[in-house]
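Chemist: quick one: sequence and predicted model below, then my questions.
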Protein chains: 2
Amino acid sequence: MKYPNGIKQTKSSNNHIKYDNRGMNLEKDLNDSNNYYAEIGKAFIYKKPTPIQITKVDYPSRSHAIIKEAFFKEPSTTDYNGIYKGKYIDFEAKETNNKTSFPLDNIHKHQIKHLENIHKAGGLGFVIIRFNKLNVTYILLAEDFLNFINENERKSIPIKYFEEKAYLIEEKYIPRLDYLKVIDQILGGI
Amino acid sequence: MKYPNGIKQTKSSNNHIKYDNRGMNLEKDLNDSNNYYAEIGKAFIYKKPTPIQITKVDYPSRSHAIIKEAFFKEPSTTDYNGIYKGKYIDFEAKETNNKTSFPLDNIHKHQIKHLENIHKAGGLGFVIIRFNKLNVTYILLAEDFLNFINENERKSIPIKYFEEKAYLIEEKYIPRLDYLKVIDQILGGI
């Protein structure tokens, strides 16, 4: 299985593996932006915790628990959801180092189905895709994302499709990724 | 800190502690009901994974990762959220063995603040409280829950307050806890 965003294994001396922050930039930018939105009361959108199956726990004292064995589970929904302008918001966020297309194996089948459900239920679903090497971050609406998947056999979405259908997110100081500005545009146009 | 719903430690022979399902009944009933709602396309509401800080991972093969050390983190939001009839839904669910009141230390300050934010943002926030010994499960709207907290110094909400302000959830076969029926009543009345 694929490991969650932002988790990378590096060997450490004792044969355990420690984490560092591959792919954490987009996640960090989104978390910072979401914290800012929450602080000013604009929107309440959060990243869900990584789903984990816990199988063993040590309990050295009454007030402490140490998980000693656990496994990553595949997420059944997208990573982010919340409320903005009274509307249900739901999205998945991914980065790629690919310069010409976004590889679809980055997003699980469950997550694609989930975005379809949300779209049908009247929620605002989308994906946020960052092309690291091109320094651009796009919002692609669930509708356009699902259309591409349903109408193409390809295993990646070419950058051209983003240029045509997606919305570019402006990067600035605060919030780092002002994606709700794009959402305003979209809501205004619906 | 408090441990997440449904997690209880029991000593096992090798001094590790295994999990069993204290307080899992309400969670299981809600998950089953939410799965049912999702299957029939009525609502898409999910429990968020338990937040965990991972500090050590073993990586015995390319396709496997075993978490070897991790810690429970305090949740910053409620456990459940999603979409129903186009509306953003957000709630926390707790059981108590207390027969006369619901102890407020079961719900973190962050979660109370979160429910307040959701309520102000126009989402439908509430708590689902099951009194195990009384065999009753209530929905108390965020508004009434917050009013009690703001107007009282008490550390628990008496059952009388639930009897007056909350909505009883019918228990049946499928779905086990038809809480959206209550939500229909509430939405109809707003």
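Modeler: Received, thanks. Numbers count the residues shown, from 1 in each chain, chains lettered A, B, ... in the order given.

Chemist: what's the longest helix seen in chain A in contact with?
Modeler: Counting residues, the longest helix found in chain A (DSSP state H) is helix A:24-39. Outside helix A:24-39, the residues within contact range by C-beta atoms under 8 Å, 6 or more residues apart in numbering or on different chains are A:5-6, A:21, A:43-47, A:80, A:82, A:84, A:93-95, A:128, A:130, A:132, A:137, A:171, A:174-180, B:117. Using the backbone N, CA and C atoms, a C-beta is placed for each residue, glycine as well.

Chemist: distance from the chain centre to that helix, please.
Modeler: With C-alpha atoms, centre = their mean, to the nearest Å as the basis, helix A:24-39 stands 11 Å off its chain's centre.

Chemist: try stretch A:123-138
Modeler: Centroid separation for stretch A:123-138 versus its chain: 9 Å, with C-alpha atoms, centre = their mean.

Chemist: quote the end-to-end distance of it.
Modeler: Using C-alpha to C-alpha, to the nearest Å, the end-to-end distance of stretch A:123-138 comes to 19 Å.

Chemist: okay, buried residues for that stretch please.
Modeler: Of all the residues in stretch A:123-138, those buried under the rule 16 or more other C-beta atoms under 10 Å in any protein chain shown are A:123, A:124, A:125, A:126, A:127, A:128, A:129, A:130, A:131, A:136, A:137, A:138.

Chemist: can you tell me which of these are in strands?
Modeler: In this view, those that belong to strands under DSSP state E are A:124, A:125, A:126, A:127, A:128, A:129, A:130, A:131, A:136, A:137, A:138.

Chemist: show me which pair in these is furthest apart.
Modeler: Longest distance between any two of these is 22.7 Å, between A:124 and A:131; criterion C-beta to C-beta.

Chemist: returning to what we had before: from the contacts of helix A:24-39, which would you call buried?
Modeler: A:5-6, A:43-47, A:80, A:82, A:84, A:93-95, A:128, A:130, A:137, A:175-180, B:117.

Chemist: how many neighbours does residue A:122 have?
Modeler: Using other C-beta atoms under 10 Å in any protein chain shown, residue A:122 has 13 neighbouring residues.

Chemist: isn't it right next to residue B:86, touching?
Modeler: Yes. Counting by C-beta atoms under 8 Å, residue B:86 is a contact partner of residue A:122 at 3.6 Å.

Chemist: quickly find the element holding the residue nearest the centre of chain A.
Modeler: With distances taken as C-alpha atoms, centre = their mean, residue A:93 lies nearest the centre of chain A, 2.4 Å away. Residue A:93 belongs to strand A:87-96 when assigned by DSSP states H and E.

Chemist: about what we covered before: chain neighbours aside, what residue packs nearest to the residue nearest to the centre of chain A?
Modeler: residue A:128 (4.2 Å; C-beta to C-beta, 6 or more residues apart in numbering or on different chains).

Chemist: re the thing from before, list the buried ones in the longest helix of chain A?
Modeler: Result for helix A:24-39 [16+ other C-beta under 10 Å]: buried residues A:24, A:26, A:27, A:29, A:30, A:31, A:33, A:34, A:36, A:37, A:38.

Chemist: and the pLDDT at residue A:7?
Modeler: Turning to residue A:7, the model gives it a pLDDT of 48.

Chemist: C-alpha coordinates for the strand holding residue A:93, PDB please?
Modeler: Only the C-alpha atoms of strand A:87-96 are listed here, as PDB (Å, rounded to 0.1, in the frame of the first residue of the first chain):
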ATOM      1  CA  LYS A  87     -21.200  24.900   2.500                       C
ATOM      2  CA  TYR A  88     -19.700  21.400   3.000                       C
ATOM      3  CA  ILE A  89     -16.100  21.300   1.600                       C
ATOM      4  CA  ASP A  90     -14.200  18.200   0.900                       C
ATOM      5  CA  PHE A  91     -10.900  17.600  -0.800                       C
ATOM      6  CA  GLU A  92      -7.800  15.600  -1.300                       C
ATOM      7  CA  ALA A  93      -4.300  17.200  -1.700                       C
ATOM      8  CA  LYS A  94      -1.300  15.700  -3.400                       C
ATOM      9  CA  GLU A  95       2.000  16.900  -4.700                       C
ATOM     10  CA  THR A  96       3.900  15.400  -7.600                       C
END
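
Chemist: so where is chain A shaky, pLDDT-wise?
Modeler: Counting by pLDDT under 70, chain A contains low-confidence ranges at A:1-24, A:189-190.

Chemist: do a quick rundown of the helices in chain A.
Modeler: Under the criterion DSSP H, chain A contains helices at A:24-39, A:109-120, A:142-151, A:159-165, A:179-189.

Chemist: circling back to that earlier point, shared neighbours, residue A:122 and residue B:86?
Modeler: residue A:88.

Chemist: thinking again about what came up before, run through the residues that contact the residue nearest to the centre of chain A.
Modeler: With contact taken as C-beta under 8 Å, 6+ apart, residue A:93 is in contact with A:5, A:26, A:27, A:30, A:79, A:80, A:127, A:128, A:129, A:130.

Chemist: again, only using 10 Å
Modeler: Contact analysis of residue A:93 by C-beta atoms under 10 Å, 6 or more residues apart in numbering or on different chains lists A:5, A:23, A:26-27, A:29-30, A:47, A:78-80, A:126-130, A:137, A:139, A:177, A:179.

Chemist: identify the bridge partners of residue A:157.
Modeler: Here residue A:157 sits in beta bridges with residue A:102, going by DSSP bridges.

Chemist: thinking it is in contact with residue A:103, fair?
Modeler: Yes. Applying C-beta atoms under 10 Å as the test, residue A:157 and residue A:103 come out as touching, 8.5 Å apart.

Chemist: the more surrounded of the two?
Modeler: More neighbours surround residue A:157 than the other of residue A:157 and residue A:103, with 24 against 14 (other C-beta under 10 Å).
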